[in-house]
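Undergrad: requesting a structural model of the entry that follows:
(chains A and B)
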2 protein chains.
Amino acid sequence: MRAHQRKLDIKHGCVDLSHGSGGRAMSQLISGLFHEAFGNEWLARGNDQSAFDVGAGRMVMTTDGYVVSPLFFPGGNIGSLAVHGTVNDIAMAGARPLYLSASFIIEEGFRFSDLKMIADSMGEAAKSAGVHIITGDTKVVERGKADGLFISTAGVGLVPEGLDLSAENARVGDRVLISGTLGDHGVAIMSKRQNLAFETEIVSDSAALHDLVARMVAAGGCGIRLMRDPTRGGLAATLNEIAQQSELGFSLQEEAIPVKQGVAAACELLGLDPLYVANEGKLVAIVSPDVAGAVLAAMRAHPLSRDAADIGEAVPDDHHFVQMTTSFGGGRIVDWLSGEQLPRIC
Amino acid sequence: MRAHQRKLDIKHGCVDLSHGSGGRAMSQLISGLFHEAFGNEWLARGNDQSAFDVGAGRMVMTTDGYVVSPLFFPGGNIGSLAVHGTVNDIAMAGARPLYLSASFIIEEGFRFSDLKMIADSMGEAAKSAGVHIITGDTKVVERGKADGLFISTAGVGLVPEGLDLSAENARVGDRVLISGTLGDHGVAIMSKRQNLAFETEIVSDSAALHDLVARMVAAGGCGIRLMRDPTRGGLAATLNEIAQQSELGFSLQEEAIPVKQGVAAACELLGLDPLYVANEGKLVAIVSPDVAGAVLAAMRAHPLSRDAADIGEAVPDDHHFVQMTTSFGGGRIVDWLSGEQLPRIC
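TA: Residues are numbered from 1 along each chain as shown, chains lettered A, B, ... in the order given. Sure thing, here's the model as predicted:
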């Protein structure tokens, strides 16, 4: 799209229903705000879909919806999160993220200035992750029918030849590696909730992990059985899911699990367990014991995983339990969370 | 995922915040409801992304958010719409749709029985369009923070070799073809709005157009310059967009534009113009005059476009106007809609 009569008044304006109508106002919003933030040759063509060339190979596709509240939090906002989260779901397959789509559902009355900050964060996060947001959609709903802004991103990526990370690959004796401290994202969000606000220096760990993954794959190859990012439900949910899918159990050492002091303190205050709190820039890898040392060393050499740790191993268990030896030498089962601990954390 | 202790009570149950928590309840909802409806080998693996093999070539990616109100309407529901709309955005590039992702944002209290009907419709629509929903995400927000259910789908497809449909391809003298009657979807939705409810036999035209597109491409090849589906903003918005992008004007014959009598009557009642009303199973094609006859014949031979018509041509126009000769022999400019006519029509 080229000719537009008026510029958006980003400083003072708000989204209204006309911005979702398919008419001129929508076209102005898209070209004046989203194209500015994501600027690339695909969006400039103005088609309802975008094309790209691929070589023969294995691709992955993923999607996530983002409903985080509040929209802005220490260490990021819903925009950067929507890029990092989807990039990470691609990266967990060992794949190189290539292209993203973005679907915006906006509540009438949402401020252009907030939308611009969020779109700019998405553009920056995409740029630094080396991916392009090549297609999108904008819908507007009436005041009171959404909570400011929801974003759904989808993404595609390319899997290196010969790599097939999946829970079925896990074997008894495999090591459980974690890329860093647990619970930072969840605690950063909770510290800004209106009904909870407390003082903490903790910021979200929201980050794109594809480069870390590439280095881990270089170090461990197919000795890496699978990777997951422990987001909603934290490490506990992720390991229980893997246990179910791989038909194994896991045995963890509490002492080995890195948790920042500020996170531990906040969790104690809120009655939470860091094992269940969401992360947005961490991964768990299940790796064969013969490459675990090399993979852990590669992780510790990367700026996003200086605190990487070997926290336990896969064990035979018909019940697919995740068990933990506590710091006091006792044992406990780390079960699935059955209720809801932290709504709208991502 | 395999072992689940309790089945979902689909008949009486509702979605609560725990179904978005990443824990056991979410896993039950996903496997008990979405996997049942979409059932395929990809979802069964339970990864956060799904992999597929591609040959070398040109792919397209697209996304759309669906916020239609009401969720159920004559001729479909938000689920079938979310599949058809995204399949169609892929098909408009002349591409064969392959895989979809689905992101659900659900309001706390939403009934499982409604969600199941919607998911089943998605599964059926995908099956009959020959695409697979291979990855998804579910978020739940508190009561009052969304309007029942929003769905964002994304999709990828494969473009036949040598085909590059885009607005830049359009030339003066190209014909404007439309695949059938205008405004059916918009009128069907409006007839069920609580504040407007009126009696009509009109049902939504929501349908997947990829098969029709394949036949048109077979008949017209690269003589087809571009295709678009005239959804939000209707034919008027779509042709104005194409006019801007191609730096041409369009001259239409009102007489040639097919509109069902029931749609014309409803539009008169509501003070709407069918040219601005949304369609979900129609396409506009800009085609070279030397293949226009063959493409139109191929369209009329297809069950989804029996009423296809040649409604005008591309003309030189520095202002990129869409002009129409009315049935009474006068002329008018079919401008962009500047305000919002029909919020949440898709």
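Undergrad: could you check whether the helix or strand where A:G262 lies is close to chain B?
TA: In this assignment (DSSP states H and E), A:G262 forms part of helix A:261-270. No. Interface with chain B: helix A:261-270 contributes nothing (Cβ under 8 Å from any Cβ of the partner chain), its closest point being 15.6 Å away. No exception for glycine: its C-beta is placed from N, CA and C like everyone else's.
Undergrad: state the mean pLDDT of the helix or strand just after that helix.
TA: Sequence order places strand A:284-287 as the next helix or strand after helix A:261-270, per DSSP H and E. Taken as a whole, strand A:284-287 has a mean pLDDT of 98.
Undergrad: over to stretch A:57-70?
TA: If you average the pLDDT over stretch A:57-70, you get 97.
Undergrad: please export the C-alpha coordinates of that stretch as PDB.
TA: Only the C-alpha atoms of stretch A:57-70 are listed here, as PDB (Å, rounded to 0.1, in the frame of the first residue of the first chain):
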ATOM      1  CA  GLY A  57      14.000 -31.000   4.000                       C
ATOM      2  CA  ARG A  58      12.200 -31.200   7.300                       C
ATOM      3  CA  MET A  59      10.300 -28.300   8.600                       C
ATOM      4  CA  VAL A  60       8.500 -27.600  11.900                       C
ATOM      5  CA  MET A  61       5.500 -25.400  12.600                       C
ATOM      6  CA  THR A  62       4.200 -24.200  15.900                       C
ATOM      7  CA  THR A  63       1.800 -21.600  17.400                       C
ATOM      8  CA  ASP A  64       1.200 -19.900  20.800                       C
ATOM      9  CA  GLY A  65      -1.400 -17.500  22.000                       C
ATOM     10  CA  TYR A  66      -0.200 -14.700  24.400                       C
ATOM     11  CA  VAL A  67      -2.600 -13.300  27.000                       C
ATOM     12  CA  VAL A  68       0.000 -12.200  29.600                       C
ATOM     13  CA  SER A  69      -1.200  -9.700  32.200                       C
ATOM     14  CA  PRO A  70       0.100  -7.100  32.700                       C
END
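Undergrad: residue ranges of the strands in chain A, please?
TA: Along chain A, counting by DSSP state E, strands occupy A:50-54, A:57-66, A:72-73, A:76-77, A:96-107, A:132-141, A:149-159, A:175-178, A:224-228, A:249-253, A:284-287, A:309-315, A:322-325, A:331-333.
Undergrad: what's the separation between A:I10 and chain B?
TA: According to Cβ to the nearest Cβ, to the nearest Å, A:I10 and chain B sit 19 Å apart.
Undergrad: oh sorry, the question was meant for A:Q244
TA: A:Q244 is 6 Å from chain B, where distance means Cβ to the nearest Cβ.
Undergrad: next one: A:T138
TA: Using Cβ to the nearest Cβ, A:T138 is found at 8 Å from chain B.
Undergrad: swap in A:M190?
TA: For A:M190 relative to chain B (Cβ to the nearest Cβ), the value is 14 Å.
Undergrad: and the pLDDT at the residue lying closest to that residue once chain neighbours are set aside?
TA: Counting by Cβ to Cβ, 6 or more residues apart in numbering or on different chains, the nearest residue to A:M190 once its immediate chain neighbours are dropped is A:L196, at 5.6 Å. At A:L196 the predicted local confidence, pLDDT, stands at 76.
Undergrad: residues near A:L196, how many?
TA: By other Cβ atoms under 10 Å in any protein chain shown, 12 other residues sit near A:L196.
Undergrad: my guess is it contacts A:L270, does it?
TA: Yes. With contact defined as Cβ atoms under 8 Å, A:L196 reaches A:L270; the gap is 7.2 Å.
Undergrad: need the residues touching each of those two.
TA: Residues touching both A:L196 and A:L270 (Cβ atoms under 8 Å, 6 or more residues apart in numbering or on different chains): A:M190.
Undergrad: still on that earlier bit, list the backbone torsions phi and psi for the residue nearest to A:M190.
TA: A:L196 adopts backbone torsions of phi -120, psi -20, taken as degrees, to the nearest 10.
Undergrad: give me the most central residue, chain A.
TA: For chain A, the residue sitting closest to the mean C-alpha position, by Cα atoms, centre = their mean, is A:G85 at 2.3 Å.
Undergrad: if we ignore the residues flanking it in sequence, what's nearest it?
TA: Spatial nearest neighbour of A:G85, excluding adjacent residues (Cβ to Cβ, 6+ apart): A:D64 at 5.0 Å.
Undergrad: next one: A:K260
TA: Nearest to A:K260 is A:T181, by Cβ to Cβ, 6+ apart, at 4.8 Å.
Undergrad: how close does that neighbour get to A:E41?
TA: Noted for A:T181: a distance of 39 Å to A:E41, by Cβ to Cβ, to the nearest Å.
Undergrad: who has more neighbours, the two?
TA: Higher neighbour count among A:T181 and A:E41: A:T181, with 23 against 9, using other Cβ under 10 Å.
Undergrad: show me the contacts for the more buried one.
TA: A:D205, A:P258, A:V259, A:K260, A:V263, A:K282, A:D307.
Undergrad: any idea how far the helix holding A:G262 is from the middle of the chain?
TA: Centroid separation between helix A:261-270 and its chain, computed with Cα atoms, centre = their mean, to the nearest Å, is 22 Å.
Undergrad: mind giving me the packing neighbours of that helix?
TA: Where contact means 3 or more Cβ pairs under 8 Å, 6 or more residues apart in numbering or on different chains; DSSP states H and E, helix A:261-270 is packed against helix A:184-190.
Undergrad: can you name every helix or strand that the helix it packs on contacts?
TA: Where contact means 3+ Cβ pairs under 8 Å, 6+ apart, helix A:184-190 is packed against helix A:261-270.
Undergrad: nice, that's everything, thank you.
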